[in-house]
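Asker: What would the 3D arrangement of this be:
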Amino acid sequence: MGRLLYGSSHLEIEFEDRVLAHLQAVIGVKLRRHEGFFFSWRDDPAIGDGRSSIWIESSIPLFFAFSTTERHQLNREWLEELTHSANQSQGLTLIPEPGSAIVA
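Answerer: Prediction:
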C-alpha cells in the first residue's frame, strides 16, 4: 500500500500503488494549472465505511509514497474519467478502474 501524505497535519491516506500512480498524474495536472479542488474517496470499511474529502491546492504540501519501485502503466481511460471528475464542481472522486470492481 502506498500513501498520500497531506499537508502539515501529517495525515496519511493509504491507496494501492496503482491507484496512487493514477492520482498523482491527475492531481499533478490540476496543480500545474494552479487549480484547487476537493478530492474524495470511500473509506475502508474497517474505519466506518464512510467518505472522506480533502482540499487540494498548490500551497498545500503533498507527498506520494509508493510501497514498491514498480512504475505502473497508466490506464488512459481511467485517467480521462478521473480528470473529468476533477473538473466537476464536486471535485476529484476516486472511482473504480474501468474493468475493475474494486477501489482501494
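Asker: Which residue ranges of the chain form strands?
Answerer: In the chain, the strands defined using DSSP state E lie at 2-6, 11-15, 37-42, 51-56, 62-65, 92-93.
Asker: Mind putting those strands into TSV with distance to W78, mean pLDDT and mean neighbour count?
Answerer: C-beta: built from backbone N, CA, C; applies to glycine. Output for these, formatted as TSV (distance: least, C-beta to C-beta, whole Å; pLDDT from 0 to 100; neighbours: other C-beta atoms under 10 Å):
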stretch	distance to W78	mean pLDDT	mean neighbour count
strand 2-6	16	94	18
strand 11-15	13	92	15
strand 37-42	14	95	18
strand 51-56	19	94	15
strand 62-65	17	96	14
strand 92-93	12	96	21
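Asker: can you list those in a markdown table and add distance to K30?
Answerer: Formatted as a markdown table, the strands of the chain follow (distance: least, C-beta to C-beta, whole Å):
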| stretch | distance to K30 |
| --- | --- |
| strand 2-6 | 14 |
| strand 11-15 | 17 |
| strand 37-42 | 6 |
| strand 51-56 | 7 |
| strand 62-65 | 11 |
| strand 92-93 | 8 |
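Asker: E77: which of those is closest?
Answerer: Nearest of those to E77, taken as C-beta to C-beta: strand 92-93 at 16.0 Å.
Asker: Just tell me which of the strands of the chain ends up closest to R76.
Answerer: Per C-beta to C-beta, nearest to R76 of these: strand 92-93, 16.9 Å.
Asker: elements contacting that closest one?
Answerer: Where contact means 3 or more C-beta pairs under 8 Å, 6 or more residues apart in numbering; DSSP states H and E, strand 92-93 is packed against helix 17-32, strand 37-42, helix 76-86.
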